[in-house]
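> no FASTA, just this:
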């Protein structure tokens, strides 16, 4: 890393993976933050930078180097931290400490305590979380997902999905932008291939062929008339899919199956569609159902069932964490009900779905000069958000995103080049075939 790279990194501001310090005056706090980074996905501390992001450097003596080495010796297990001293113009140095967790070494402790990093704050890790990480480490080598996949080679995996994962990991700074595009190398970097052998985790995440060895990669979707599974089945689908595809298909099926109410917010060009249950809550529960279930059981599966009075999502495994009832309360419906029955988790959203599935017509946007300007700019080469906003002549970034950019993406007229990393600074937008046709029809 050189000064130019440091300047770019510092310019992004402190985050869950970056902290700056003016000096080594408090190496104890540096150790605590490094510990928090190591217990998450890694991170970087840059010493010699003021709180407002100005690079000033600091004097580095042999004593400074010894103090940093002594601080790193206070970690258990030994901390995988790379230390780099970079000279600045005034003869002082910027010190870069990069923490990179490797393998199943969590949790780390510093001075006898474990720390966590949440957004820009470092704090003592709760005892329960520490004990859970210890247990995971103890069993990491023996877990089902780390075992060798049965009769699976690189050609049996979804290469396009693996490359999407690489792009998302780069945008989230989980792996280096220089990471190879070779799918085998990516699997190695993600720990999904070990000594040339593909793991069962890789098969579940990216597999394309599941029977007869992996029947548990099953997604069931059903729409029932009435309130019981004995009612008439209006739609019944079963697919064997890898985890990413299963999550996308479940969300897409619910989008097609659930009825939509709509309204036109004042001053907006598109109508606002409203599902019976908040989309974010459904997506969160579906992701947990797909990602956090027990894949070691060949009889397991994920099931999504829609009744006239509820939506029920079932998975084999433990109760998902991190889902709160707040979104549902704001939406005006009852919070979801979580139940564990017979080794499975049931999440039920109470909502009036209606006696029969309803088909919602595609939304046709109100065509304005600004809409055409955005789409025309995005025809052909992908454009940044700033480039699209400049095409409209609008100055308010928030209004542009809310009134034009997000609605055009939702309407299928614009598409993101990095759909799995919507907040990426490298995100670009291009007009879809439908969007390009709309431009042609209005030219």
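Now that the structure is in, tell me what you want to look at. These numbers come from a predicted model, not from an experiment. Residues are numbered from 1 along each chain as shown.
> Please give me every residue in contact with the closest residue to residue 14 other than its chain neighbours.
Leaving aside its sequence neighbours, residue 14 sits nearest to residue 120 (Cβ to Cβ, 6 or more residues apart in numbering; 4.8 Å). Glycine gets a C-beta too; all of them are placed from N, C-alpha and C. By Cβ atoms under 8 Å, 6 or more residues apart in numbering, residue 120 lies in contact with 14-16, 19.
> Who are the packing partners of the helix or strand harbouring residue 33?
Take DSSP states H and E as the rule and residue 33 turns out to sit in helix 27-38. If you count contacts as 3 or more Cβ pairs under 8 Å, 6 or more residues apart in numbering; DSSP states H and E, helix 27-38 packs onto strand 18-21, strand 43-47, helix 62-72, strand 75-76, strand 93-99, strand 109-110, strand 115-118, strand 121-124.
> With distance to residue 410 and mean pLDDT added, can I get those in TSV?
Listed next are the helices and strands packed on helix 27-38 as TSV, based on distance: least, Cβ to Cβ, whole Å; pLDDT from 0 to 100:
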stretch	distance to residue 410	mean pLDDT
strand 18-21	32	94
strand 43-47	34	95
helix 62-72	48	94
strand 75-76	47	91
strand 93-99	38	94
strand 109-110	45	94
strand 115-118	30	93
strand 121-124	33	94
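> how about the ones you listed in JSON lines, adding distance to residue 403?
Formatted as JSON lines, the helices and strands packed on helix 27-38 follow (distance: least, Cβ to Cβ, whole Å):
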{"stretch": "strand 18-21", "distance to residue 403": "32"}
{"stretch": "strand 43-47", "distance to residue 403": "36"}
{"stretch": "helix 62-72", "distance to residue 403": "51"}
{"stretch": "strand 75-76", "distance to residue 403": "50"}
{"stretch": "strand 93-99", "distance to residue 403": "41"}
{"stretch": "strand 109-110", "distance to residue 403": "48"}
{"stretch": "strand 115-118", "distance to residue 403": "33"}
{"stretch": "strand 121-124", "distance to residue 403": "34"}
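> Show me the one of these that comes nearest residue 293.
Nearest to residue 293, of all those, is strand 115-118, at 25.4 Å by Cβ to Cβ.
> buried set for the closest one?
115-117 (16 or more other Cβ atoms under 10 Å).
> Next: stretch 161-174.
Per 16+ other Cβ under 10 Å, stretch 161-174 contains these buried residues: 161-162, 164-171, 173-174.
> Then stretch 286-305?
Buried, per 16+ other Cβ under 10 Å, within stretch 286-305: 286-293, 295, 300-305.
> try stretch 189-200
Applying a neighbour-count criterion of 16+ other Cβ under 10 Å, one finds 189-190, 192-193, 198-200 buried in stretch 189-200.
> Among these, name the ones in helices.
Counting by DSSP state H, the buried residues of stretch 189-200 place 189, 200 in helices.
> closest to residue 54 among the buried residues of stretch 189-200?
Using Cβ to Cβ, these come closest to residue 54 at residue 189, 34.5 Å.
> Can you verify my assumption that that closest one contacts residue 175?
Yes. With contact defined as Cβ atoms under 8 Å, residue 189 counts as touching residue 175 (5.8 Å).
> Look at residue 247 and tell me its secondary structure.
Per DSSP: H, G, I helix; E, B strand; the rest coil, the local secondary structure of residue 247 is helix.
> Low-confidence ranges, the protein, go.
103-104, 138-142, 261-274, 317-333, 355-366 (pLDDT under 70).
> Would you mind measuring the gap between the ends of stretch 45-65?
With Cα to Cα, to the nearest Å as the measure, stretch 45-65 spans 15 Å from end to end.
> Kindly report the same for stretch 382-399.
Terminal residues of stretch 382-399 lie 21 Å apart, using Cα to Cα.
> Show me the strands in the stretch 151-300 of the chain, by range?
Using DSSP state E, counting those that start in this stretch, the strands assigned to the stretch 151-300 of the chain run over residues 193-194, 197-198, 218-224, 233-240, 261-263, 272-274.
> will you turn those into JSON lines that also has distance to residue 67?
Formatted as JSON lines, the strands of the stretch 151-300 of the chain follow (distance: least, Cβ to Cβ, whole Å):
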{"stretch": "strand 193-194", "distance to residue 67": "38"}
{"stretch": "strand 197-198", "distance to residue 67": "43"}
{"stretch": "strand 218-224", "distance to residue 67": "55"}
{"stretch": "strand 233-240", "distance to residue 67": "57"}
{"stretch": "strand 261-263", "distance to residue 67": "62"}
{"stretch": "strand 272-274", "distance to residue 67": "57"}
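> Let me know which of those is tucked in deepest.
Stretch with highest mean neighbour count among the strands of the stretch 151-300 of the chain: strand 218-224 (a mean of 20; mean count of other Cβ atoms under 10 Å).
> so what strands line up beside that strand?
Paired neighbours of strand 218-224 in the sheet (DSSP bridges): strand 233-240 (antiparallel), strand 302-306 (parallel).
> what comes into contact with the longest one?
Okay, so that is strand 233-240. 210-211, 214-215, 217-225, 246, 249, 253, 257, 356-357.
> Leaving out sequence neighbours, find the closest residue to residue 164.
Leaving aside its chain neighbours, residue 164 sits nearest to residue 420 (5.7 Å; criterion: Cβ to Cβ, 6+ apart).
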